[in-house]
Structures are given as C-alpha cells and as structure tokens.
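> Sequence first, predicted coordinates after that:
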Amino acid sequence: MTTMKTDPDERSLYRFLSEYGAELLGSGASCIRLEKNISRIARHYGRDTEIVIMPRHIHITVWSPGHDDAFTAISSISRKGISFNINTLLSRLSWHIADNKIDFEQSVKCFKRIISDRHQNPWAVLLAVSAANASFCRLFGGDISAMLIVAFATAVGYYIKQFTLRHKVDLRVVFLICSFVSAVLGSTGILFDIGSTPRIALATSILYLVPGIPFINSFSDMLYKYYICALGRLADALVLTACLSAGLCAAMLLMNISMF
C-alpha cells in the first residue's frame, strides 16, 4: 500500500540528501551510484540536484522548481568501513522513496535505523573471512595443512583488525599490524616443514587485506569521469597495499624467510 507524497521543506531535504550521500559513499558505493540514488530521491520531490564529489567531502546543491532558490550542503564522507549490506539497504531506500512507498518522515526514520544498525555479528564475519581466505589458498594449490594454517592466520589477523578499528586506530597502521601478524603465523608451515605447500600458505595468509573494493571503485569512477575521486580512491588503495606489503616483508625478515 502506497502512502501520500509529502513535500519536505528545502532545508530538511538537502540535509537528508547530504547525510544520505555521505553514508552511502562511506559504505563503499561508487560515485555513479551515489549520483543516481540522490537524483532519484530529489526528482521524486520535484527538485534538481548538482553534486560535487571530493575524496573527503560531498557538495550537494538542491534546486527548487524553476531554479529560483538553491540550497547547498557540504558533508564529510562517513569513514565507518565498507558494508555491502548498508550499501544495498540505502539504495533500496531510494527506490522506496521514488516509488512513493514511504513519505519523507518515514524515509528519515528508515535512514537513521539503517545507519545505526551497521554492526553484523563479528564472530560470524570472522569465521566467514577465515573460511574464504582458506578457500583462496586452495584455489592457488594449497593442501589441507596450508588451508588450516591460512584459516588460523586469517582469524587472528582479522580479529586484530576488528579490535583496532573499534578503537579508532589509523587504517594504515591496522593493515601493517594485521599483515605482519598473519604473515608470521602463515610462515609456520615453512619453519616447521608442515605440508607440501607451505609457501602458498604464507602468500595467501594476507589476501583478506587486499583493498579490492577501493581499487574497483577507483576504476569505476574513472570510467564515469569522476577523476578527482577516482585518483583519491586509487591513492588510498595503493597506500593500503604498500602497508600490507611492508608488514609481509617485515614478517619474512623476522622469520628469516627468503623472498626469492
């Protein structure tokens, strides 16, 4: 059952769109998705929008019919971590608004509920990540011993990642520490001659840290000509890759493992 369309005032609308965009981009959405979702909501209320996306901020200008008045809001991009669940729910919310299934007040309440319920079961996520990384080890030719080593190294490293992020540790430091710990644990197969593919275990023990989403989003943004944001995301991804590589190299030096 659809509800009656209620038009919000300009100030409430541009604040909502600004906060919505900041949360959506911070959850791992590409720039093109952000623009489409915000434009979809604004058109439903008879407004036009102009959006400028920067690496750390979003500028949204909302135009009234006839472009007689304009309101601009600037929001810092949310840095709460990539979440496909939040990304999907926020996109679905934009369609519910566009299809007139909920009014503006309900939309705001739904939005606040979505962004406040970001936390999935950490133990379930840890288990899933460990199993996924062990599967990567198998795909690269690792045996059962290597898979078990990778699963354990991933579980410990990912737990450290969850703990440090909860305490607001810089993400670059988190990647450095987690890759170092996972690589040290992943090298046990080489040190104690466990299994027939110990080097595969070491190589795949840090794959869970590879920043795939920032790399993919940077290329997506580049294709749609969001060059500044694309370069910013690419730079972030490269810095994180360098941090995990530094942690891996430090672990190999500590454990006296040859790189070649």
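Right, received. Where do you want to start?
> Let me know whether residue 84 touches residue 28 as I believe.
Yes - in this structure residue 84 lies within contact range of residue 28 using C-beta atoms under 8 Å: 6.9 Å. C-beta: built from backbone N, CA, C; applies to glycine.
> more neighbours, the two?
Counting neighbours by other C-beta atoms under 10 Å for residue 84 and for residue 28 shows that residue 28 has the greater number, 17 against 11.
> which SS state does that one fall under?
Here residue 28 is coil, with the state taken from DSSP: H, G, I helix; E, B strand; the rest coil.
> what's the closest non-adjacent residue to it?
Using C-beta to C-beta, 6 or more residues apart in numbering and skipping the chain neighbours, the partner closest in space to residue 28 is residue 82 (3.6 Å).
> Next, the buried residues of stretch 215-230.
By neighbour count on 16 or more other C-beta atoms under 10 Å, the buried set for stretch 215-230 is 215, 217-218, 220-222, 226, 229-230.
> Would you mind checking the average pLDDT for it?
Mean per-residue pLDDT for stretch 215-230: 92.
> roughly how far is that stretch from the heart of the chain?
Offset of stretch 215-230 from its chain centre (C-alpha atoms, centre = their mean, to the nearest Å): 15 Å.
> Stretch 99-113 now?
24 Å.
> can you check stretch 233-246 too?
14 Å.
> again, but for stretch 233-250
On the basis of C-alpha atoms, centre = their mean, the separation between the geometric centre of stretch 233-250 and that of its chain is 16 Å.
> pull the CA atoms of that stretch into PDB?
In PDB, the C-alpha atoms belonging to stretch 233-250 read as follows (Å, rounded to 0.1, in the frame of the first residue of the first chain):
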ATOM      1  CA  ARG A 233      40.500   6.200  -4.000                       C
ATOM      2  CA  LEU A 234      43.300   4.800  -6.100                       C
ATOM      3  CA  ALA A 235      45.800   6.600  -3.900                       C
ATOM      4  CA  ASP A 236      44.200   5.200  -0.700                       C
ATOM      5  CA  ALA A 237      44.200   1.700  -2.200                       C
ATOM      6  CA  LEU A 238      47.800   1.900  -3.200                       C
ATOM      7  CA  VAL A 239      48.800   3.200   0.300                       C
ATOM      8  CA  LEU A 240      47.000   0.300   2.000                       C
ATOM      9  CA  THR A 241      48.600  -2.200  -0.400                       C
ATOM     10  CA  ALA A 242      52.000  -0.700   0.500                       C
ATOM     11  CA  CYS A 243      51.200  -1.100   4.200                       C
ATOM     12  CA  LEU A 244      50.200  -4.800   3.900                       C
ATOM     13  CA  SER A 245      53.300  -5.400   1.700                       C
ATOM     14  CA  ALA A 246      55.500  -3.800   4.300                       C
ATOM     15  CA  GLY A 247      54.000  -6.000   7.000                       C
ATOM     16  CA  LEU A 248      54.600  -9.100   4.900                       C
ATOM     17  CA  CYS A 249      58.200  -8.200   4.200                       C
ATOM     18  CA  ALA A 250      58.800  -7.400   7.900                       C
END
